[in-house]
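my questions are about this predicted structure, shown below with the sequence.
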Amino acid sequence: RDRKRGGTWLGINGSGSYAAVTNFRAPSEIKKGAPSRGHLVSDFLHSTESPASYLERIAATSSTYNGFNLIAGDSRQLAYHSNKDAGVRDLAPGIYGLSNHLLDTSWPKVSRGKQALTEIVRQAGEVEPETLFAILADESKAEDQALPDTGVGVEVERVLSPLFIRTPIYGTRSSTLLLIDIEDSITFIERTFDAGMKDAADAVFKFKSEGEP
């Protein structure tokens, strides 16, 4: 949750509608005084709009915000919009990767995460949460030649290249799983790490979707 402005980066409501927002890393394009992007998620969770309709409405004014990627979904539809790209995309069933650039940009961490998840999905049987958390805990750094150039310098790009970031002054503070099965049973697990990123605490929520909002 955005404690300063009251928004959030990821959430789901009782009807099973969910949304997530990520920052689009472009430090040279940051606008001072731009509206909070956190409310883009919370507003969808409080609305009765379909994912695509909501994103179409947001797209009309999204240029006023700093760069973002926004995903909104429910049991019937998953849609994506970035104010760094035109339009709204209706996403077919599949495996996607999103970091701090456009959807499915082939950053090393995005490619590693997608490959690992694809291998898990191919296996038969129920997937244990710890198997998924292991993907998010990957601290492998990319080779310099594979790093993106987002304007922060190669040393910072190197630090930001793992799925799980760990430095003395900056790092991953939480990892989250959102699981929805074919019967609309929902499991939400957020693993929060302390400042040293050594100890973790899990918050687990399980509930049944109430259906259409």
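Arrived safely.

domain parsing for this protein?
The chain breaks down by automatic domain parsing into domains covering 1-101, 106-208.

winner for burial among these?
domain 1-101 (a mean of 17; mean count of other CB atoms under 10 Å). All C-beta spots, glycine's among them, are computed from the backbone N, C-alpha and C.

for that domain, what is the average pLDDT?
Mean pLDDT, domain 1-101: 94.

now do stretch 193-200
Rounded mean pLDDT across stretch 193-200 is 77.

same thing with stretch 116-133?
The average pLDDT for stretch 116-133 rounds to 92.

same thing with stretch 148-168?
Taken as a whole, stretch 148-168 has a mean pLDDT of 96.

show residues contacting that stretch.
Counting contacts by CB atoms under 8 Å, 6 or more residues apart in numbering, the residues outside stretch 148-168 that touch it are 25-28, 100-101, 105, 107-109, 112-113, 135-142, 144, 147, 170-172, 175, 197.

A strand includes Val121, no?
No. Val121 sits outside any strand when classified using DSSP: H, G, I helix; E, B strand; the rest coil, being helix.

who are the contact partners of Ala20?
Per CB under 8 Å, 6+ apart, neighbours of Ala20: 9-11, 41, 70-71.

could you list the paired strands of the helix or strand hosting it along with their orientation?
Assigned by DSSP states H and E, Ala20 falls within strand 18-23. With DSSP bridges as the test, strand 18-23 is paired with strand 10-12 (antiparallel), strand 68-73 (antiparallel).
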